[in-house]
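Novice: what would the 3D arrangement of this be:
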Amino acid sequence: MAKRKSRKVAKRASSQPVALRSTSDKIKVVTKNFIAFLVLFAVSYILYKIVSSGFFNNLFFLLVLVFGFVALAFFIVWMVLLLVKSMKK
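Specialist: The predicted structure is shown next:
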């Protein structure tokens, strides 16, 4: 009778609890990112209005759309975090 090969079960590393950030730290990070993308949105919009070349006009229009949507997403996250912080109290 042939001997079966047995699988050795690898032990998992014990999962360490992830250090959670406080809500105020999250709000600070989201605020910084929101301001950064808002500035990038404003600069791209200004350059979109100033530049007359077709290629750069399309490029800055695309940048305005991307930075605007990302800034809007950070604004929504910021509002949700403020709501969560106010609910905790």
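Novice: list the contacts for Trp26?
Specialist: Careful, residue 26 is Lys and not Trp. Shown in contact with Lys26 (Cβ atoms under 8 Å, 6 or more residues apart in numbering): Leu81. Glycine gets a C-beta too; all of them are placed from N, C-alpha and C.
Novice: which helix or strand contains it?
Specialist: Lys26 is part of helix 23-50, with elements assigned from DSSP states H and E.
Novice: for Ser6, same thing?
Specialist: Applying DSSP H and E, one finds Ser6 in no helix or strand.
Novice: can you give me the neighbour number for it?
Specialist: Number of residues near Ser6 (other Cβ atoms under 10 Å) recorded here: 6.
Novice: for Val64, same thing?
Specialist: Val64 has 20 neighbours, counted by other Cβ under 10 Å.
Novice: and what of Phe37?
Specialist: Here the count is done by other Cβ under 10 Å, and Phe37 has 20 residues near it.
Novice: now Ser44
Specialist: Residues near Ser44, counting by other Cβ under 10 Å, number 20.
Novice: can you pull the contacts of it?
Specialist: Ser44 makes contacts with 60, 63-64, 67, as judged by Cβ under 8 Å, 6+ apart.
Novice: longest helix in the protein, by residue count?
Specialist: As assigned by DSSP state H, the longest helix anywhere in the chain is helix 54-88.
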